[in-house]
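Undergrad: The sequence and its predicted three-dimensional model are supplied below.
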There are 2 protein chains.
Amino acid sequence: MIIARDTLVDALVARLRDDVLSGRYPPGAYLPSERELAAEYGVTRTSLKHALSRLGQLGLVETKHGVGTRVLDYLSSGGPELLPMLVVANGPDWLEEIFQTRREIGALVYAHAARRRRPEHCADLRTLHGAVAAAETADDAQLAECEIHRVLAAASGNRVYGFLVNSLLNAYLPVRQLLIAPFRDPGRAAERLTPLIDAVCAGEAEEAHAAATRYLAETERLMLGGEDR
Amino acid sequence: MIIARDTLVDALVARLRDDVLSGRYPPGAYLPSERELAAEYGVTRTSLKHALSRLGQLGLVETKHGVGTRVLDYLSSGGPELLPMLVVANGPDWLEEIFQTRREIGALVYAHAARRRRPEHCADLRTLHGAVAAAETADDAQLAECEIHRVLAAASGNRVYGFLVNSLLNAYLPVRQLLIAPFRDPGRAAERLTPLIDAVCAGEAEEAHAAATRYLAETERLMLGGEDR
DNA sequence: GATGGCTCAGTGGATGAGCCACTCATCCAG
DNA sequence: CTGGATGAGTGGCTCATCCACTGAGCCATC
C-alpha cells in the first residue's frame, strides 16, 4: 500500500472543488479575491494561486487579470476529465449515465478491436485473462480487468478511443471498492470474460460487439448488488 | 474578436509542453530541477512551478517531493483533455482517428437524442439551424454548427456523452480555421443539416443514426478538401 | 559480511512581503 | 454630452528564504 500524503495545494484544490460543487460558489459567480480566500483558509496567496490555477486547468473556474476568478458552467462546457471529481462527490447521480456510456462505447470499441487487433494484443489479453483467473484477491482481479479494457482499447487502433476508455477508467478507479462485487470470485470473473476475449482474438467483430454488451451489462448488474448466479 | 494575451505562465506551459511533445523530454525521463529550468527560461521558480503544476493537472508530468518531475506516458494513460494540445502539435496524425470517433460517437449519441429530446431542444436546434443558414460569414456558420452538436449531445439525456462531445469540440476549435470549407456556403451547410435535425426532432432514432453518419462523413470529406458538389 | 542508523546533498513545498499590470466605476474638464 | 484622468481593487509575477522529503553513501554495530 502506497501512502501518498496530500500536499497543501492538493487539500486546497479539494476544498475549493467541494465549495464549487456544493453550490457555495455556483456557476457564474465570482470567488472572493485571492487575498480574502488565502486569509480565509490560512494559507499564502501563492499556495492559493497554485490551487486556483489547477482548478482553471480542470475547466472549473476562469481567472481574468484585474477582474477576478469566476466559476464556469462546467456541466455544459466541461469534459470527461471532470468525471472522477464528480463521481466522488455525487457518485449515484452519475452511475447510470456512466454505465450506459461504458456499455455502448465499449461495444463499439471492442468490435473495432476484433477487426484490428494484432498478435501482441491477443497475447497480452490472454496473459491478463489468466491474471484475473489466478488473482488471489478481488482487488487484484479488478485491477487486472481494468488493464484488459486498456489493452482492448489499444487494440482498436484508434488512440482517441484509448483516451475515452482511460477517462471512464479514471472515473471508476477512485470508487472501485464500492463496485468490486463482480470480482469476489476471480475464477467466475474470468469465465465471464472468456466470450469477449475469444471473439476479439478470433477477429469476430459482430460477436465481439454482442459479447461486450453482454459482459458489460452483466458486470453492471453485479456491481449494483445483483446476486452472482 | 477577443484579444486574449497570453500570460507568462501560459507561455511557459506552452514551451514545456512543446519540449515534452517534441521528445526533448521523452516519457519516463526526468525534467531538470525546477531551479535549473527556471534559470534556463529566465523566470522565477514560482512561475515555473505554476506551469509544472498545470502540466501535472493535464496528466503530462508527475512531480514527487524530494525526487523531481517526470514525464508520464501520456499516450497510454492520458484522456481526451490532451487532444487539443496534441492536435495543435501534430494535427494530421490525429485527424483520421478523431474523425472516426466523431462519426461513430456522433451517430450513437444523436440516435439517443432522437429518443430523448425534449421540446426545448428542438426549439434550440431550429434556432441554431436558422443561424447557420443566415450566417454572414463562414466563421459564424461554423460556430453555430458547433452549438448544434452541443445541443444534440445535451438532448441525448446523458451528461457523459455531453462531456465526450465537448472534448471533441475542444480538439476541433483550435484548428477550426483549417477545416472551415464546409461552411463557405452557409446556405448549403444548413441544407446538409436538415435531415439530421428533422430526424432528431421527429424522434426517429434509426433515421437520426443514419443521417448523422451521412452528415458527419460528408462534412469530413469537405473539410479534407473535397469539392462541394 | 550484513544490518541498521546517520549524514548530507539535492529536490520540491511553502512562505510572505513587495511591486507591477490590468479593469472598471467614477468624476471632472472640455 | 463626451472623453480623458483618477483611484480602488483585482490578479500577475518576483525575490529571498526556509522547510520537508528522498536517496545515496558512510560507518559503527552485530
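TA: Structure received.
Undergrad: From the recorded domain assignment, give the ranges for chain A.
TA: Per automatic domain parsing, the structural domains of chain A span A:8-77, A:80-223.
Undergrad: quick one, which of these is nearest to B:Asn166?
TA: Relative to B:Asn166, the nearest member of these by C-beta to C-beta is domain A:8-77, separated by 6.3 Å. Just so you know, the C-beta spots here come from the backbone N, C-alpha and C atoms, and that holds for glycine as well.
Undergrad: Distance from the closest one to the middle of the chain?
TA: Taking C-alpha atoms, centre = their mean, to the nearest Å, the mean C-alpha location of domain A:8-77 is offset from the chain mean by 23 Å.
Undergrad: is DNA strand C contacted by it?
TA: Yes. Under the criterion of C-beta under 7 Å from any atom of the strand, DNA strand C is reached by domain A:8-77 at A:Leu8, A:Val9, A:Val43, A:Thr44, A:Arg45, A:Thr46, A:Ser47, A:His50, A:Lys64, A:His65, A:Gly66, A:Val67.
Undergrad: burial count for the fifth one?
TA: It stands for A:Arg45. By the measure other C-beta atoms under 10 Å in any protein chain shown, the count of residues near A:Arg45 is 15.
Undergrad: swap in the third one?
TA: A count of nearby residues for A:Val43, using other C-beta under 10 Å, gives 17.
Undergrad: Help me confirm that it is found in a strand?
TA: No. A:Val43 is assigned coil when assessed by DSSP: H, G, I helix; E, B strand; the rest coil, not a strand.
Undergrad: Spit out the contact partners of it.
TA: A:Leu8, A:Leu12 (C-beta atoms under 8 Å, 6 or more residues apart in numbering or on different chains).
Undergrad: sorry, back to before: show the buried residues in the residues of domain A:8-77 next to DNA strand C.
TA: A:Val9, A:Val43, A:Ser47, A:His50 (16 or more other C-beta atoms under 10 Å in any protein chain shown).
Undergrad: what about the last one, distance to B:Thr213?
TA: When distances are taken as C-beta to C-beta, to the nearest Å, A:His50 and B:Thr213 turn out to be 45 Å apart.
Undergrad: With the second one instead?
TA: A:Val43 sits at a distance of 52 Å from B:Thr213 (criterion: C-beta to C-beta).
Undergrad: A:Gly187: how many residues sit nearby?
TA: Neighbours of A:Gly187 (other C-beta under 10 Å): 11.
Undergrad: and if you look at A:Arg118?
TA: 10.
Undergrad: number of nearby residues for the residue nearest to it when sequence neighbours are not counted?
TA: Counting by C-beta to C-beta, 6 or more residues apart in numbering or on different chains, A:Arg118 lies nearest to A:Ala155, which is 7.2 Å off, once chain neighbours are set aside. A:Ala155 has 26 neighbours, counted by other C-beta under 10 Å.
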